[in-house]
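Engineer: Build me a structure from this.
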Amino acid sequence: MANFDKSKAYAPQEQETAFFDDGREIELLHFIYSHPDLDRIRGSPKNVLAAIDEYGRTKKYLMNVGEDKGRIVTDLIAEVKPQTMVELGGYVGYSCLLFGHALLASSGPSAIYYSLERNPEFAAVITSLVDLAGLSSTVKVVVGSSDESLHRLHASGSLTKIDLMFLDHYKPAYTTDLKLCEELGLVTIGSVLAADNVIKPGNPPYLEYVRSSVQEKRAKAGEKGEGGGKAKGIPEKNVKMYEKRFGEARFSQSKGNPNLVYESRLVNSFEPTGVPDGVEITRCVSEEK
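Structural biologist: Predicted coordinates:
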């Protein structure tokens, strides 16, 4: 795994800016493709990751998953050995390079990694770096809102079950997208979820859902408005930054499958800046009738 020197990382307050609007993501591509060691970087996921980290240390901060959280998820990949993994929110591709490479190593060439990214510019960066790393046969980049992309992949027969899902996109959509996956039968017994940023900036609605009993979920499923996205407990500035970039968010109205039984736990972790955070690891263990 590429190393990230926390002593040289950008200040934690810069991390609060969810969208930088200064073109640093495209600048990253120019930085890597003009790198003096490009021949050594080409075809090596590890070296592409190191080049991304180099840009983050020496140029501008990037919202990447980082070493600490990356290890949590790569260890999970080695344990679960998923054949199909989905990430919601790809940004510049750090996570899908790291996890896609781990998936290939643990599950073999038949495994597939779907990176769902709404921003077409970011998706173009991901695609370029995935190709540079030699992971195009494993990682598939899907452009569009997460719920619409999940619908399309399911309708086409490309996605029939999610073995492992990494959630790192718009925070109010964590719960609604999970419910959509439940309704479509993509998340079912044996599926594992890893949700980032549940402490910083925080995601109380998601934690409440995955930690609720079947009885509690059944009771709430009948409540008016329960199917839509909820931002309660999520910092308002994070919601507004997203809406400034993409407009008012629209959510899946799926009621999900409240009969699924989850076992969920928090794994404490740190952002690359050193800010404490956590990854919620959730396993679907059974279904009540």
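
Engineer: What is the burial count for Thr138?
Structural biologist: When neighbours are counted by other Cβ atoms under 10 Å, Thr138 registers 23. From N, CA and C alone the C-beta is placed, and that goes for glycine too.

Engineer: Next, work out how far apart it and Glu216 are.
Structural biologist: 38 Å (Cβ to Cβ, to the nearest Å).

Engineer: ok, now Ile41?
Structural biologist: The value you get for Ile41 to Glu216, if Cβ to Cβ is used, is 49 Å.

Engineer: just for the protein, where's the confidence low?
Structural biologist: Counting by pLDDT under 70, the chain contains low-confidence ranges at 1-19, 223-250.

Engineer: how about the strands in it?
Structural biologist: Ranges of strands in the chain, per DSSP state E, are 84-88, 112-117, 139-143, 164-167, 192-195, 260-270, 276-287.

Engineer: With just CA atoms, put the last one into CSV.
Structural biologist: Okay, so that is strand 276-287. C-alpha atoms of strand 276-287 as CSV (Å, rounded to 0.1, in the frame of the first residue of the first chain):
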residue,chain,number,x,y,z
PRO,A,276,-10.4,10.6,14.1
ASP,A,277,-13.1,8.9,12.2
GLY,A,278,-14.6,5.4,11.9
VAL,A,279,-15.7,2.8,9.4
GLU,A,280,-18.9,0.9,10.1
ILE,A,281,-18.7,-2.7,9.2
THR,A,282,-22.1,-4.3,8.7
ARG,A,283,-22.9,-8.0,7.8
CYS,A,284,-26.2,-9.3,6.7
VAL,A,285,-26.5,-12.5,8.6
SER,A,286,-30.1,-13.7,8.1
GLU,A,287,-33.6,-12.8,7.1
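
Engineer: chain center to that strand, what's the gap?
Structural biologist: Here strand 276-287 is found 14 Å from its chain centre; the criterion is Cα atoms, centre = their mean, to the nearest Å.

Engineer: same question, the third one
Structural biologist: Using Cα atoms, centre = their mean, we find the averaged C-alpha position of strand 139-143 to lie 13 Å away from the chain's own average C-alpha position.

Engineer: before we move on, what about the fifth one?
Structural biologist: Taking the mean C-alpha point of strand 192-195 and that of its whole chain, the gap between them comes to 9 Å (Cα atoms, centre = their mean).

Engineer: Stretch 191-206 now?
Structural biologist: Stretch 191-206 sits 10 Å away from the centroid of its parent chain (Cα atoms, centre = their mean).

Engineer: That stretch: end-to-end distance?
Structural biologist: 16 Å (Cα to Cα, to the nearest Å).

Engineer: Repeat that for stretch 148-167.
Structural biologist: End-to-end for stretch 148-167, by Cα to Cα: 16 Å.

Engineer: Count the residues that sit near the closest residue to Val261 other than its chain neighbours.
Structural biologist: Counting by Cβ to Cβ, 6 or more residues apart in numbering, Val261 lies nearest to Ser286, which is 4.5 Å off, once chain neighbours are set aside. Neighbours of Ser286 under the rule other Cβ under 10 Å: 12.

Engineer: Please name the residues that touch Ser286.
Structural biologist: Ile189, Leu260, Val261 (Cβ atoms under 8 Å, 6 or more residues apart in numbering).

Engineer: That one and Pro82, how far apart?
Structural biologist: Distance from Ser286 to Pro82, by Cβ to Cβ: 19 Å.

Engineer: and what of Lys220?
Structural biologist: Taken as Cβ to Cβ, the span from Lys220 to Pro82 is 29 Å.

Engineer: Equivalent analysis for Lys161, please.
Structural biologist: Computed as Cβ to Cβ, the Lys161 to Pro82 distance reads 10 Å.

Engineer: Looking at the two now, which is surrounded by more residues?
Structural biologist: Of the pair Lys161 and Pro82, Pro82 is the one with more neighbours under other Cβ under 10 Å, namely 24 against 16.

Engineer: Just give me the neighbour total for the closest residue to that one other than its chain neighbours.
Structural biologist: Closest residue to Pro82 in three dimensions, ignoring its sequence neighbours and counting by Cβ to Cβ, 6+ apart: Asp163, at 3.3 Å. Asp163 has 20 neighbouring residues, counting by other Cβ under 10 Å.
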